[in-house]
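**Q** test case, fold it:
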Amino acid sequence: VMTLAGLFGGPTVTLVAVVVAGAYRLLLGGSGVWAGLATIVLCALVGLGFRCTSRRQPGQISPLLLYGIGLTSHVVMLLSQLLLPWSLAPGVIADIWLPVVLIFPVATLLMGLLLQNSQALLKSEERYRSFFETARDAVFITTRDGRWVDCNQAAVEMFGYPSKGELLQSSVVDLYADPEDRRRHTRLIEQHGLLRDEPVTLRRRDGTIIHTLISSAVRKDSEGNVLGYQGTIRDITGQLEMEEALRASEQRFRELADLMPVAVWEVDAEGRFTYGNQQGMRLHGLTARDVLSPPSAFELFVPEDRPRLREDLQRVLSGEELGGVEYTGLRKDGSTFPALIFASAIVREGRPVGVRGITVDITERRQMEEELRQVRDYLAMQIRRMPIGLIIWDTEFRVQSWNPAAEMIFGYSAAEATGKHPYELIVPDEAQPHVDQIWQRLLSGDETAHSVNSNRRKDGRLIICQWTNTPLKQEDGTITGVLSMVQDITERWQAEGALR
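**A** Residues are numbered from 1 along each chain as shown. Next up is the predicted model:
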């Protein structure tokens, strides 16, 4: 016993055991007191010595080593008998050595194994209790008729009770939002023996409904009679609310996407469609039947664009953004249309898993651009052919545009005139003060600032010109330049002078 106290109990337990046993042996007295005290102390030291020198915990010591420890301690016990009076020692040793060596070590072995099992049981209980109290899910043990046996603190908090005691005094049946769920649940447990993640709606103390998943097992006695149930309860109310919010958000996204006048789509990393809005279907001439087996994104564009589209898909998956790249789209009926694609990667947990983007049909824009080009070409042709000089000046009074008629009037080509100030080209010194006044009126927005003044041609000859000027304005009134139409009226001016 002293050896096992030293082996399993440690220094403190050993010291207490030695003191108590030694005091009792001293109280008994007699001629064997010193042999008894030596046996108590030395056997305790044997156990304590093995505990301190062994690399294993006492609960991990093998049966063979336990037997060796028992044999050692009882050999020490026999040797301690030498402290008896010499007239008694040989006889006592001769009488007890056989059972001490053969039987007592076996008893030590059996007691050691019992202590090992007890320690393992205590550790198991500690682990269970630690799990029981620290589990984030509610842990419960109940009777068959709905009374609490035990629960952890998480259960107290889940059901909103001020203390564990008050929860244990309540009825389990009252926690079910629908009593029928309790009957159905217990019936299933007893039928299957074990249920995992069974969805059950419960009620907190204040009446608040919570949605839970219950994993439970039936408790039975040795004869197979049902004693009750035990298991865990996980509150998934917040998770369900988040899932519902996510579904609502996705629904809003889909409804909004279907209202957009552009195609909104998502594809996986291989270019297979995972989502497309209604406009996308209309744009490519697809029907609801086509959605059952959607084509790949590449099939919706002309063959000559597909290699470039594949390359651009890989660029987006590598982190680039696709900003307004033009392709030629393909409809189900074979017709085509010009399209712009804007796209970026879909990233999940730091890894690109697909591409999300929009496709804009620019057919109307192309038609407008073509119409605008035709109008622009027509106007340019008219300006080139008109017999009146047309000059556009910037706000620094420098030539921006110079038509062929202006070339004929002043003798300077458009290349020679562009970017030049009129004082460098066509306004003689004596006319400059008058022209300055006209120019300032134009910059102030005066649309009546016209003029008749002398000008100089490239060949140096002076001519009389009539200028009709219009300031060019933005919508907010900002002057951006001046448009001037000019005619050479020298002959008419001279004729009128002769008549005068």
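
**Q** how about the helices in the stretch 251-400 of the chain?
**A** Here the stretch 251-400 of the chain has its helices, by DSSP state H, counting those that start in this stretch, at 278-283, 288-292, 306-317, 363-385.

**Q** could you do the stretch 51-200 of the chain as well?
**A** 63-80, 89-102, 104-134, 153-158, 164-169, 179-192.

**Q** which strands and helices sit next to the fourth one?
**A** Contact here means 3 or more C-beta pairs under 8 Å, 6 or more residues apart in numbering; DSSP states H and E; on that basis helix 153-158 packs against strand 138-143, helix 164-169, strand 226-235. For glycine as for every other residue, the C-beta is placed from the backbone atoms N, C-alpha and C.

**Q** which one, of those, ends up nearest to L64?
**A** strand 226-235 (39.2 Å; C-beta to C-beta).

**Q** packing partners of the closest one?
**A** For strand 226-235, the elements it packs on are strand 138-143, helix 153-158, helix 179-192, strand 194-203, strand 209-220, judged by 3+ C-beta pairs under 8 Å, 6+ apart.

**Q** ok, and what's touching it?
**A** With contact meaning C-beta atoms under 8 Å, 6 or more residues apart in numbering, strand 226-235 is reached by 135, 137-144, 149, 155, 158, 186, 189-190, 195, 197, 202, 210-221.

**Q** quick one: buried ones out of the residues you listed?
**A** Neighbour-count burial (16 or more other C-beta atoms under 10 Å) applied to the contacts of strand 226-235 gives 137-142, 155, 158, 186, 189, 195, 202, 210-214, 216, 218-219.

**Q** in CSV: the helices of the stretch 251-400 of the chain, plus mean pLDDT and mean neighbour count.
**A** Formatted as CSV, the helices of the stretch 251-400 of the chain follow (pLDDT from 0 to 100; neighbours: other C-beta atoms under 10 Å):
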stretch, mean pLDDT, mean neighbour count
helix 278-283, 87, 18
helix 288-292, 70, 9
helix 306-317, 92, 15
helix 363-385, 83, 11
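
**Q** so which of those helices is nearest N117?
**A** Nearest of those (C-beta to C-beta): helix 306-317, 60.7 Å.

**Q** from the contact counts, what lies against that closest one?
**A** strand 322-330, strand 336-348, strand 351-361.

**Q** which residues does it contact?
**A** Applying C-beta under 8 Å, 6+ apart, the external contacts of helix 306-317 come out as 267, 269, 271, 297-298, 301, 322, 325, 327, 341, 343-345, 352, 355.

**Q** ok, back up a step: redo the helices and strands packed on helix 306-317 as JSON lines? Include mean neighbour count and mean pLDDT.
**A** As requested, the helices and strands packed on helix 306-317 are exported to JSON lines (neighbours: other C-beta atoms under 10 Å; pLDDT from 0 to 100):
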{"stretch": "strand 322-330", "mean neighbour count": "16", "mean pLDDT": "90"}
{"stretch": "strand 336-348", "mean neighbour count": "17", "mean pLDDT": "92"}
{"stretch": "strand 351-361", "mean neighbour count": "18", "mean pLDDT": "92"}
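
**Q** how about the helices of the stretch 251-400 of the chain in JSON lines, adding distance to Q230?
**A** Listed next are the helices of the stretch 251-400 of the chain as JSON lines, based on distance: least, C-beta to C-beta, whole Å:
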{"stretch": "helix 278-283", "distance to Q230": "53"}
{"stretch": "helix 288-292", "distance to Q230": "49"}
{"stretch": "helix 306-317", "distance to Q230": "50"}
{"stretch": "helix 363-385", "distance to Q230": "69"}
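
**Q** nearest to N469, out of those?
**A** The nearest among the helices of the stretch 251-400 of the chain, by C-beta to C-beta, is helix 363-385 at 16.4 Å.

**Q** for the closest one, output the C-alpha coordinates as PDB.
**A** Written as PDB, here are the backbone C-alpha positions of helix 363-385 (Å, rounded to 0.1, in the frame of the first residue of the first chain):
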ATOM      1  CA  THR A 363     -25.700  48.300 -83.000                       C
ATOM      2  CA  GLU A 364     -27.600  51.500 -82.500                       C
ATOM      3  CA  ARG A 365     -24.500  53.300 -81.600                       C
ATOM      4  CA  ARG A 366     -22.700  52.100 -84.700                       C
ATOM      5  CA  GLN A 367     -25.700  53.200 -86.800                       C
ATOM      6  CA  MET A 368     -25.600  56.600 -85.100                       C
ATOM      7  CA  GLU A 369     -21.900  56.800 -85.700                       C
ATOM      8  CA  GLU A 370     -22.400  56.000 -89.300                       C
ATOM      9  CA  GLU A 371     -25.100  58.600 -89.700                       C
ATOM     10  CA  LEU A 372     -22.900  61.100 -87.900                       C
ATOM     11  CA  ARG A 373     -20.000  60.300 -90.200                       C
ATOM     12  CA  GLN A 374     -22.200  60.700 -93.200                       C
ATOM     13  CA  VAL A 375     -23.400  64.100 -91.900                       C
ATOM     14  CA  ARG A 376     -19.900  65.100 -91.100                       C
ATOM     15  CA  ASP A 377     -18.700  64.100 -94.500                       C
ATOM     16  CA  TYR A 378     -21.600  66.000 -96.100                       C
ATOM     17  CA  LEU A 379     -20.800  69.100 -94.100                       C
ATOM     18  CA  ALA A 380     -17.100  68.900 -94.900                       C
ATOM     19  CA  MET A 381     -18.000  68.600 -98.600                       C
ATOM     20  CA  GLN A 382     -20.200  71.600 -98.400                       C
ATOM     21  CA  ILE A 383     -17.600  73.600 -96.600                       C
ATOM     22  CA  ARG A 384     -15.000  72.700 -99.200                       C
ATOM     23  CA  ARG A 385     -17.300  73.600-102.000                       C
END
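
**Q** and that helix, what does it pack onto?
**A** Judged by 3+ C-beta pairs under 8 Å, 6+ apart, the packing partners of helix 363-385 are strand 336-348.

**Q** tell me the strands beside the strand it packs on, with direction?
**A** Its sheet considered, strand 336-348 pairs with strand 322-330 (antiparallel), strand 351-361 (antiparallel) by DSSP bridges.

**Q** sorry, back to before: could you dump the helices and strands packed on strand 226-235 to TSV with mean pLDDT and distance to V262?
**A** Listed next are these as TSV, based on pLDDT from 0 to 100; distance: least, C-beta to C-beta, whole Å:
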stretch	mean pLDDT	distance to V262
strand 138-143	90	50
helix 153-158	90	48
helix 179-192	88	49
strand 194-203	91	41
strand 209-220	92	40
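
**Q** could I get the ones you listed as CSV with distance to V16?
**A** Output for the helices and strands packed on strand 226-235, formatted as CSV (distance: least, C-beta to C-beta, whole Å):
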stretch, distance to V16
strand 138-143, 37
helix 153-158, 35
helix 179-192, 49
strand 194-203, 47
strand 209-220, 40
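
**Q** any idea how far the nearest residue to L175 once chain neighbours are set aside is from E133?
**A** In space, and not counting its chain neighbours, L175 is closest to L202: 5.1 Å by C-beta to C-beta, 6 or more residues apart in numbering. Using C-beta to C-beta, to the nearest Å, we find L202 at a distance of 21 Å from E133.

**Q** ok, L227 next?
**A** Going from L227 to E133 by C-beta to C-beta gives 22 Å.

**Q** who's more crowded, these two?
**A** For the pair L227 and E133, the greater number of neighbours falls to L227 (14 against 11), based on other C-beta atoms under 10 Å.

**Q** what's the distance between the more buried one and N152?
**A** Remark: distance between L227 and N152 (C-beta to C-beta) = 19 Å.

**Q** for C52, same thing?
**A** 38 Å.
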